[in-house]
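> Need a 3D model of the sequence below.
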Amino acid sequence: MKDTLVKMTLSEQIYNILKNEIISGTIPLGSKVTNRELQERFLVSSTPVRDTINKLYQDGLVKGVTKTGAQVISFDYEYATEINEFIAAISSVALTMTVAKGTDKEVTKHLKESLKKQAAASDDDAYFDADFHFHKSFFDFCGNQFLKETYKRYNLIRFLLIKSAIRTAEDRSCSIKQHGDIVNAYSAGQFGLASQLLEQHYIHGLALIKEYNP
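Residues are numbered from 1 along each chain as shown. You can find the predicted model right below:
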């Protein structure tokens, strides 16, 4: 059986490159990206560049889109607070729905797997990937596609938030411990406590964001 190859459009290729550069910090937060520069860089017309910028805008990675380009988002404290509060709120809802759907056993399994990978992570990519899947577990098993899509929609912004907040080994250890406390409460059927701990986890992350990005 032959493998099916998926051909990517020019805009999809450019989008993936720019998205990864924003996430990695190669393109700094708050910097401007212009249509002309991108056209010259990738040797393309204006159409795939505009499509790329619109996609980045849909992901919440750029703002202030004009005919000439856009600006990569930056995290002032007010913006970070709002996005953090939003993600914390939908995470709490997703957690509650996993209990209502009776999928807590599956969630517990995935939480423990992600926690183990996070504790064993040897680099940033592995650590943040495990962090992503830890939080994603509640959405994967909440039984609501709109919540799942909403988390996916805002995950890139959350990733940038977390990356700007978790900088030291001590920060990582603290986050891993908080994840462990959430798992222990959730797996013991203490769902109300698990929800409270999850909320406190997000509040702690916001405090780190404020510390590193005054």
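
> give me every residue that touches the most centrally placed residue in the chain.
Here the mean C-alpha position of the chain is nearest to the C-alpha of Asn155 (Cα atoms, centre = their mean), at a distance of 2.8 Å. Residues counted as contacts of Asn155 (Cβ atoms under 8 Å, 6 or more residues apart in numbering) are Phe132, Lys136. Using the backbone N, CA and C atoms, a C-beta is placed for each residue, glycine as well.

> So which bits of the helix or strand hosting it are buried?
According to DSSP states H and E, Asn155 maps onto helix 145-165. For helix 145-165, the buried set under the neighbour-count rule, 16 or more other Cβ atoms under 10 Å, comprises 147-148, 150-151, 154-158, 160-165.

> Pull the distance from the helix or strand following that helix to the chain's centre.
Where DSSP H and E defines the elements, the next helix or strand beyond helix 145-165 is helix 169-187. Centroid displacement of helix 169-187 relative to its chain, using Cα atoms, centre = their mean, to the nearest Å, is 18 Å.

> What's the mean pLDDT across helix 169-187?
The average pLDDT for helix 169-187 rounds to 95.

> got a list of contacts for it?
95, 104, 107-108, 111-112, 114-115, 118-119, 127, 131, 134, 165-166, 191, 193-194, 197-198, 200-201, 204-205, 208.

> cool, stretch 197-211 as well?
With Cβ under 8 Å, 6+ apart, stretch 197-211 has contacts from 75, 77, 80-81, 84-85, 87-88, 91-92, 95, 161-162, 164-166, 171, 174-175, 178-179, 181-182, 185.

> got it, and stretch 44-58?
9-11, 14-15, 18-19, 22, 33, 35, 38-39, 42, 62-63, 65, 69-70.

> Report all helices and strands that the top helix by length along the chain contacts.
Counting by DSSP state H, the longest helix found in the chain is helix 77-101. Using 3 or more Cβ pairs under 8 Å, 6 or more residues apart in numbering; DSSP states H and E, the elements in contact with helix 77-101 are helix 124-140, helix 145-165, helix 191-212.

> I'd like these laid out as TSV, including mean pLDDT and distance to Ile27.
Below are the helices and strands packed on helix 77-101 laid out as TSV (pLDDT from 0 to 100; distance: least, Cβ to Cβ, whole Å):
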stretch	mean pLDDT	distance to Ile27
helix 124-140	92	17
helix 145-165	84	11
helix 191-212	89	19
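
> now these as JSON lines including distance to Pro28?
As requested, these are exported to JSON lines (distance: least, Cβ to Cβ, whole Å):
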{"stretch": "helix 124-140", "distance to Pro28": "17"}
{"stretch": "helix 145-165", "distance to Pro28": "11"}
{"stretch": "helix 191-212", "distance to Pro28": "15"}
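
> Leu29: which of those is closest?
helix 145-165 (7.1 Å; Cβ to Cβ).

> Helix 124-140 and that closest one, what's the angle between them?
150 degrees (axes from the mean of the first three to the mean of the last three Cα atoms, to 10 degrees).
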